[in-house]
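Undergrad: Got a predicted structure plus its sequence, pasted below:
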Amino acid sequence: MKAGGPERTAGPGGPGGRDRAGRAPRRARGQDAARFALMALPVAFFAVFFAYPVAAIVSRGLHGDGGWQLGRIWDVATRSDIRHVLWFTTWQALASTALTLLVALPGAYVFARFDFRGKQVLRAVVTVPFVLPTVVVGTAFLALVGRGGLLDELWGVRLDTTVWAILLAHVFFNYAVVVRTVGGLWSQLDPRQEEAARMLGASRLAAWRRVTLPALGPAVAAAALMVFLFTFTSFGVVQILGGPTFSTLEVEIYRQTSEIFDLTTAAVLTIVQFVAVGAILAVHAATVRRRETALRLVAPDTTARRPRGAGQWALLGGVLVSIAVLLVLPLAVLVQRSFDAPGLGYYRALADDDGGVFLVAPIEAVGNSLEYALAATAIAVLIGGLAAAALTRRAGRLMRGFDALLMLPLGVSAVTVGFGFLIALDEPPLDLRASWILVPLAQALVGVPFVVRTMLPVLRAVDGRLREAAAVLGASPWRVWREVDLPMVRRALLIAAGFAFAVSLGEFGATVFIARPDNPTLPVAVARLLGRAGDLNYGQAMALSTILMVVCAVALLLLERVRTDRTGEF
């Protein structure tokens, strides 16, 4: 038996040669076929429910009786009011990004390097603003800095309709992006490298600047790009806090489509936003690849320790104070305003159907949102899970392009997608305007990127030799996934589903167009109540916002109980 072993692997002419030269290529071809099969459903989903509606809007705006009228692009882009919108969109995004990094980087260090009581709960608390709908973020800051808000009552200071309210709300919303993206990597950097530099004579600042900062660079760049992306496409925050004075591209697209009905201008702004977002995502993808491949990381539980010395305790205290003032205080004021009426009056009013704002009682928006979010979560987990499995092995420009495609819904106008649903999905076999599934489909588009970004790092961490061993033993690609990958990524799958549920629950930009008056979602209900005068409508908006905030907070606390430190970027 031993003597026969070498013969079976001796050369290309014997049985061993056919085994190596034949089976290996067949296995590789089988893996490629499996990967393309996994990509088929996500590509079809994005083609039908993302690319097609966006293309329909652009076509409707730029295609006339005489064919394509591309000269309209220049005409719109050179208008003074549009140039002002473009300038303000870019300026406020840059300012918001810089301010968020300034405030959140100390928090990223504290969460990465310090071990203290209540850290897990606090981590969930700082993430709550990120999954809240932007309309609720705007509502919270309206209760804090708006007319009749806390600052107005105490000192007569109002910041609504000023750029400062917008910038502070963007810091509130994006604080968790920096803490999770930068802090997640920081917690896995080996502190002994910096200690070694100090033993060689470098000062604390020099050691951090020469050792830690270069390692953190890609993570900081990735976080900055994501914050810039979210603020560049800001909608609910600017619409509520900016008033008629300030308008971003997203707000202007909404105004042009729903108020002025100028589809040409909306189409041009959509193209501008699409190009800008594509460039941002391309740079972001490059920074993520660099972060994944350039570092040797250690287990996070080996790097965190209790603060030592007055300086570290002061830093921890300062971060806790900043979290309390910037993140907790707006939410606390929101809750307090919802209880202003005696006897839970605003909450009781949610059960009354006055026939003014909705065709149903506002409280029904809670049930509608939960049902829609559950359906959207199922769709997002299916599409995102297949996409993450296809992307597990890095390969070529095609897969990088596929990865970028999955991220586009985070940056491309949700307003455009929602309005595109109305004008594109209106003929058989895709006449879905009267179908309840339309809202979950729009929400799932936003949930899929979170599923992919959460599951992909965990899937790539699975030892490939386990998959190869299962394949050699005759397991099909589906069985390999079910018996090798799934047991190892089950926890990440729960995290992904939780994030998809939270962001689906708060989706506003597309839903505001397609949610029917008799089936409003929570964010749509809040926006419509804020759009009507009167203390009762304002109080009900605060009450609904509080309910949504509590649901999101509970979901995130549950996620923190099952979270591992390797479950993705978010």
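TA: Right, received. Where do you want to start?

Undergrad: Surely Ala470 and Asp485 touch.
TA: No: Ala470 lies out of contact with Asp485 (C-beta atoms under 8 Å); the separation is 9.8 Å. Glycine gets a C-beta too; all of them are placed from N, C-alpha and C.

Undergrad: Name the residues contacting each of these two.
TA: Common neighbours of Ala470 and Asp485 (criterion: C-beta atoms under 8 Å, 6 or more residues apart in numbering): none identified.

Undergrad: How far off centre is the strand or helix carrying Ala314?
TA: For Ala314, the host element (DSSP states H and E) is helix 309-323. On the basis of C-alpha atoms, centre = their mean, to the nearest Å, helix 309-323 sits 29 Å off its chain's mean C-alpha point.

Undergrad: and if you look at stretch 191-200?
TA: From the chain centre to the centre of stretch 191-200 is a distance of 36 Å (C-alpha atoms, centre = their mean).

Undergrad: average pLDDT for that stretch?
TA: Averaged over stretch 191-200, pLDDT sits at 76.

Undergrad: State the distance from Val121 to Val137.
TA: Separation of Val121 from Val137 (C-beta to C-beta, to the nearest Å): 21 Å.

Undergrad: in the biggest helix by length in the chain, what counts as buried?
TA: The longest helix of the chain (DSSP state H) is helix 80-113. Of all the residues in helix 80-113, those buried under the rule 16 or more other C-beta atoms under 10 Å are 82, 85-86, 88-90, 92-93, 96-97, 99-101, 103-113.

Undergrad: quick one: it to helix 309-323, angle?
TA: Relative orientation of helix 80-113 and helix 309-323, computed by axes from the mean of the first three to the mean of the last three C-alpha atoms, to 10 degrees: 140 degrees.

Undergrad: could you dump the very next helix or strand once past helix 80-113 to PDB, C-alpha only?
TA: For helix 80-113, the following helix or strand on the C-terminal side (DSSP H and E) is helix 119-131. Output of helix 119-131 as PDB, limited to C-alpha atoms (Å, rounded to 0.1, in the frame of the first residue of the first chain):
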ATOM      1  CA  LYS A 119     -19.600  49.300  29.100                       C
ATOM      2  CA  GLN A 120     -21.800  46.900  27.200                       C
ATOM      3  CA  VAL A 121     -25.000  48.900  27.900                       C
ATOM      4  CA  LEU A 122     -23.200  52.200  27.100                       C
ATOM      5  CA  ARG A 123     -22.100  50.700  23.800                       C
ATOM      6  CA  ALA A 124     -25.800  50.000  22.900                       C
ATOM      7  CA  VAL A 125     -26.800  53.500  24.100                       C
ATOM      8  CA  VAL A 126     -24.400  55.300  21.700                       C
ATOM      9  CA  THR A 127     -25.600  53.100  18.800                       C
ATOM     10  CA  VAL A 128     -29.300  54.000  19.300                       C
ATOM     11  CA  PRO A 129     -29.000  57.300  17.500                       C
ATOM     12  CA  PHE A 130     -27.500  55.600  14.500                       C
ATOM     13  CA  VAL A 131     -30.400  53.300  13.900                       C
END
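
Undergrad: Flag every buried residue along helix 119-131.
TA: For helix 119-131, the buried set under the neighbour-count rule, 16+ other C-beta under 10 Å, comprises Leu122, Arg123, Ala124, Val125, Val126, Thr127, Val128, Pro129, Phe130, Val131.

Undergrad: Tell me which residues touch Leu386, please.
TA: Under the criterion of C-beta under 8 Å, 6+ apart, the contact list for Leu386 reads Leu38, Met39, Leu41, Pro42.

Undergrad: Now, these that are in strands?
TA: With DSSP state E as the criterion, strands contain none of the contacts of Leu386.

Undergrad: picking that back up, which entry within the buried residues of helix 119-131 corresponds to the minimum pLDDT?
TA: Lowest pLDDT among the buried residues of helix 119-131: Val131, 74.

Undergrad: and the gap between that one and Leu529?
TA: Computed as C-beta to C-beta, the Val131 to Leu529 distance reads 21 Å.

Undergrad: And for Leu229?
TA: 29 Å.

Undergrad: And these two? Which one has more around it.
TA: Taking neighbours as other C-beta atoms under 10 Å, Leu229 and Leu529 compare with Leu529 leading, 27 against 21.

Undergrad: helix or strand for the nearest residue to Leu530 once chain neighbours are set aside, which one?
TA: Spatial nearest neighbour of Leu530, chain neighbours left out: Ala541 (4.8 Å); criterion: C-beta to C-beta, 6 or more residues apart in numbering. In this structure, Ala541 sits in helix 535-562 according to DSSP H and E.

Undergrad: so what does that helix touch, helix or strand wise?
TA: If you count contacts as 3 or more C-beta pairs under 8 Å, 6 or more residues apart in numbering; DSSP states H and E, helix 535-562 packs onto helix 119-131, helix 134-145, helix 329-338, helix 345-349, helix 364-390, helix 486-506, helix 522-530.

Undergrad: Thank you kindly, that will do.
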